[in-house]
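In: got a sequence here, can you model it:
(one chain, ligands or ions: 1)
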Amino acid sequence: MLKGIPMETKKILLGITGSAAAFKGVMLASLLRKEGFEIDGVITPAALRFISETQLACVTGRPVYSSLFTTQPGDPVPHITLTDSIDLFAVVPATADFIGKSANGLADDLLSSAFLACEAPVIMAPSMNTRMWKNSATAANLETLACRGVMFAGPVMGPLACGSEGMGRLMEPVGILKLCLDVLSGRN
Ligand SMILES: Cc1cc2nc3c(=O)[nH]c(=O)nc-3n(C[C@H](O)[C@H](O)[C@H](O)COP(=O)(O)O)c2cc1C
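Out: This next block holds a predicted model:
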């Protein structure tokens, strides 16, 4: 129970972007499902190069979306309906590209369009190469989003997909789960 409200009534929109750490977004989905949340998954076209809709759907037990222009009857605007009654929007991992688009109000795919339409609390967990993380454009985009109320989980120091070590590694899913629980229970 969160604040007297059963967990199963809490809805989370989980976005996964095109990072080498995309599989950890699936791991987070598994942890969230074990907590009893209803999770809708959105995967960017770039993330589909790393994980599949089927893989995420097996974990969430629900349909997974990756296209802005849907062929599903009855819902021509998933970027709106997916954000209609959610309690939390989490993007894990969040690429430099997604962070940049979000900071600048760009909406050229399902996930970025949903972000613009979202009025729920937002958590982004950045994941990228250290040089991308240190780029002043990335820093400015993060600051813009933080000023608008977006919360960030990580990144942390550690081994990176490129073989180097440094800042930019995705925070471990258990740490991101804790922040999600804090936000959903009003502790953050
Ligand atoms: C193997 C590989 C790994 C990548 N990992 C990352 C990453 O961890 N973080 C990042 O910001 N971009 C990464 N990229 C670049 C993104 O995939 C690229 O910017 C893409 O346009 C992101 O699209 P999206 O934000 O719509 O998912 C990677 C690219 C490749 C080829």
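
In: could you use CA atoms for every contact and neighbour count after this?
Out: Will do.

In: in the helix or strand containing L32, what's buried?
Out: Assigned by DSSP states H and E, L32 falls within helix 22-34. In terms of neighbour count (16 or more other CA atoms under 10 Å), helix 22-34 has its buried residues at A22, F23, K24, G25, V26, M27, L28, A29, S30, L31, L32, R33.

In: quick one: the last one and T60 touch, right?
Out: Yes. Under the criterion of CA atoms under 8 Å, R33 makes contact with T60 at 6.3 Å.

In: can you list residues touching both of the two?
Out: Counting by CA atoms under 8 Å, 6 or more residues apart in numbering, the shared contacts of R33 and T60 are I39.

In: next, the contact list for the residue nearest to the spatial centre of the chain, please.
Out: In the chain, the residue lying closest to the centroid (CA atoms, centre = their mean) is V91, at 1.0 Å. Residues in contact with V91 (CA under 8 Å, 6+ apart) are L14, G15, I16, T17, V122, I123, M124, A125.

In: go again using 10 Å as the cut-off
Out: 13-17, 25, 41-43, 98-99, 111, 115, 122-126, 152-153 (CA atoms under 10 Å, 6 or more residues apart in numbering).

In: any idea what it is bridged to?
Out: G15, M124 (DSSP bridges).

In: packing partners of the helix or strand encompassing L111?
Out: Using DSSP H and E, L111 falls within helix 110-117. The helices and strands touching helix 110-117, judged by 3 or more CA pairs under 10 Å, 6 or more residues apart in numbering; DSSP states H and E, are strand 11-16, strand 38-43, helix 78-81, strand 88-94, helix 96-103.

In: go again using 7 Å as the cut-off
Out: Using 3 or more CA pairs under 7 Å, 6 or more residues apart in numbering; DSSP states H and E, the elements in contact with helix 110-117 are helix 78-81.

In: need the residues that contact the helix it packs on.
Out: Contacts of helix 78-81 from elsewhere in the structure, counted by CA atoms under 7 Å, 6 or more residues apart in numbering, are L68, L110, S113, A114, A117.

In: format these as a markdown table; extra columns: distance to I80.
Out: Listed next are the contacts of helix 78-81 as a markdown table, based on distance: CA to CA, whole Å:
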| residue | distance to I80 |
| --- | --- |
| L68 | 10 |
| L110 | 9 |
| S113 | 8 |
| A114 | 6 |
| A117 | 6 |
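
In: drop anything exposed from these.
Out: For the contacts of helix 78-81, a burial check counting by 16+ other CA under 10 Å picks out L68, L110, S113, A114, A117.

In: taking those together, which two end up most distant?
Out: Taking CA to CA as the measure, those span a maximum distance of 13.0 Å, between L68 and A117.
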